[in-house]
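Asks: need a 3D model of the following:
(one chain, ligands or ions: 1)
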Amino acid sequence: MAYYVTTPIYYVNAAPHLGHAYTTIGADILARHHRQRGEEVFFLTGTDEHGEPVAKVAEQEGVSPKELADRNAQRFLDLLPRINASNDFFIRTTDPRHEAKVQDVMQRIHDNGHTYKALYEGWYCPKCADFKTDAEIAEGHTCPIHRIPLDWESEENWFFRLSTFEEPLKRLYADNPEWVAPRTRYNEALAFINGGLNDVSLSRGKLTWGITVPWDPDHVFYVWFDALLNYYTALSFARDGEDLTSTFWPANLHIIGKDILKFHAVFWPAMLMAADLPVPQRELIHGYLLMRDSSGEETKMSKSLGNVLDPFEVMDTFGTDALRYYCFREVNFGQDGGVSTTTFGERYESELANDYGNLASRTLAMIGRYRDGVVPDVDVDPALAADFDGLVPEVCALLDNAEITQALERIWTRVRRLNRYVEEQAPWQLAKDDAKAAELDTALRSLAEGIRAVTVLLHPYIPETAAKLLEALGETELALDGAAFGARPGGGSVGELAPLFPKPQ
Ligand SMILES: [Zn+2]
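Replies: Sure thing, here's the model as predicted:
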């Protein structure tokens, strides 16, 4: 089994913010989970480096676009170890191997008769690097996303015959009702297609910062065509001396933000069809993490709106795992939702530090105190086992649908169950009565096994913490086929465990 998951490639002009971390962590959670299932996983992220916005900023700063791209790509590379991303490759669209492959694929689209040259006129957002349709223009000819005035542009361009893919795209949507998720985004993309598709400009004549159109070298490809192809091109050169395309294409899942839905859910499958390539299996469109500003209004976090929350600062205070956990716990992946330092602090304290961290510390301390640090080698409590029944397949099924928040909720229900179990059993009471030694054995063994079972499932969300705790339990195996409650024997020794989620300084 192969599993290929991607993030969008991030536009190199932006500074990495929580939104980028969010998308990348989402993909990382799925990649780690699928590795636990023993699948061959490829997880791709990277940077989008061509186009007019990069050329403009480079000009303002008096550097070459490539110098600017090199400098800015580094900030996205630096983010990855900080958020503990386990990506298999980082693609940069200025990589000459990507450029050559883009030319191959686009030449095929041209040879297949899906391009022509014509005059293009329209309202253009330089920040979106996109011509806007009438429905996408806000009041006063402004960009609804960037809230800046649009430019009226006119030039000779190469066009992609998107209109001829209207019927094939409708069929793709009809045959694959799961192909875009959540359903609201599927409906939105389908409505765009049903509204009638215009051909789209695929080259720029005025610009030089891009990949040269091989059949007309005075033009470069419109940055979106170059960028979208990264998902496909990367496989041909990501691993030295190997072409991974046949193993991993078509991708299992593209994770994207809703602002780039049209490109991914309409242009991208049409381009692939035009090049006779299979389309990805699924696209998951996530919402925005909204910050409450001083007026209580929720706004999208974005560099251009100037309300950026620095993920580095959050991780410095609470740790990387706390950020990873909070983002997917607080906001249902796929929906918009508000995040704030207040709810962050509450979840850190009540869920990570108390429900989980304290449960682990108490359990290990009791095994130390009452059983000399050895997990009793007895059967687990069948009543507790019943409450864990079916958890692993349930989590797998949810994550197959990229339902990251729901899967976490199911796991956390068991974390809470274990907390109730401690109170019900009151091992400190059982320890006072020698006649209850067998009950104490069962309680301690069941708690240790329960913590192990939830922690293996929590590994994709909080990998550093899970590693520490599993090490202390003497059970470092992450494979899901041994994750079920009761799957591992007792009898092992437990070690020391420092507080997992200490009070921040
Ligand atoms: Zn815009």
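Asks: quick check: C327 vs W412, distance?
Replies: Shown here: C327 relative to W412, a distance of 15 Å by Cβ to Cβ, to the nearest Å. To be clear about C-beta, it is placed using only N, CA and C from the backbone, and glycine gets the same treatment.
Asks: what about the strands in the stretch 1-150 of the chain?
Replies: Counting by DSSP state E, counting those that start in this stretch, residue ranges of the strands within the stretch 1-150 of the chain are 2-11, 40-48, 89-92, 115-125, 130-131.
Asks: list the strands paired with the next helix or strand after the last one, with their directions.
Replies: Counting by DSSP states H and E, the element after strand 130-131 in chain order, helix or strand, is strand 151-160. Listed by DSSP bridges, the sheet partners of strand 151-160 and their directions read strand 115-125 (antiparallel), strand 200-201 (antiparallel).
Asks: now do whichever helix or strand L235 is part of against strand 40-48, angle only.
Replies: L235 belongs to helix 230-237 when assigned by DSSP H and E. Relative orientation of helix 230-237 and strand 40-48, computed by axes from the mean of the first three to the mean of the last three Cα atoms, to 10 degrees: 120 degrees.
Asks: so helix 230-237 versus strand 2-11, what angle?
Replies: Between helix 230-237 and strand 2-11, the angle formed by their directions is 120 degrees, by the same axes, to 10 degrees.
Asks: what helices or strands is helix 230-237 leaning on?
Replies: Using 3 or more Cβ pairs under 8 Å, 6 or more residues apart in numbering; DSSP states H and E as the contact criterion, the neighbours of helix 230-237 among helices and strands are strand 2-11, strand 40-48, strand 89-92, helix 96-111, helix 245-248.
Asks: if you set the cut-off to 10 Å instead, what comes out?
Replies: Contact analysis of helix 230-237 by 3 or more Cβ pairs under 10 Å, 6 or more residues apart in numbering; DSSP states H and E lists strand 2-11, strand 40-48, strand 89-92, helix 96-111, helix 245-248, helix 268-274 as its packing neighbours.
Asks: the nearest residue in space to E67 that is not next to it in sequence and A69, how far apart?
Replies: In this structure, E67 finds its nearest non-sequential neighbour in A58, 7.1 Å apart by Cβ to Cβ, 6 or more residues apart in numbering. Counting by Cβ to Cβ, the gap between A58 and A69 amounts to 8 Å.
Asks: now A189
Replies: In terms of Cβ to Cβ, A189 sits 30 Å off from A69.
Asks: so how many other residues sit close to S350?
Replies: By the measure other Cβ atoms under 10 Å, the count of residues near S350 is 10.
Asks: wait, I meant P489
Replies: Using other Cβ under 10 Å, P489 has 12 neighbouring residues.
Asks: and it, backbone torsions?
Replies: Backbone torsions of P489, given as degrees, to the nearest 10, read phi -80, psi 160.
Asks: helices and strands of this protein: which one bottoms out on pLDDT?
Replies: One helix or strand of the chain scores below all others by mean pLDDT, DSSP states H and E: strand 298-300, with a mean of 57.
Asks: show me the strands in the stretch 401-505 of the chain, by range?
Replies: Going by DSSP E, counting those that start in this stretch, the stretch 401-505 of the chain shows no strands.
Asks: which non-adjacent residue is nearest the residue of it found nearest the ion?
Replies: When distances are taken as Cβ to the ion, the stretch 401-505 of the chain reaches nearest to the ion at A402, 26.9 Å away. Once flanking residues are discounted, A402 sits nearest to L284: 4.3 Å by Cβ to Cβ, 6+ apart.
Asks: I appreciate the help and will end here.
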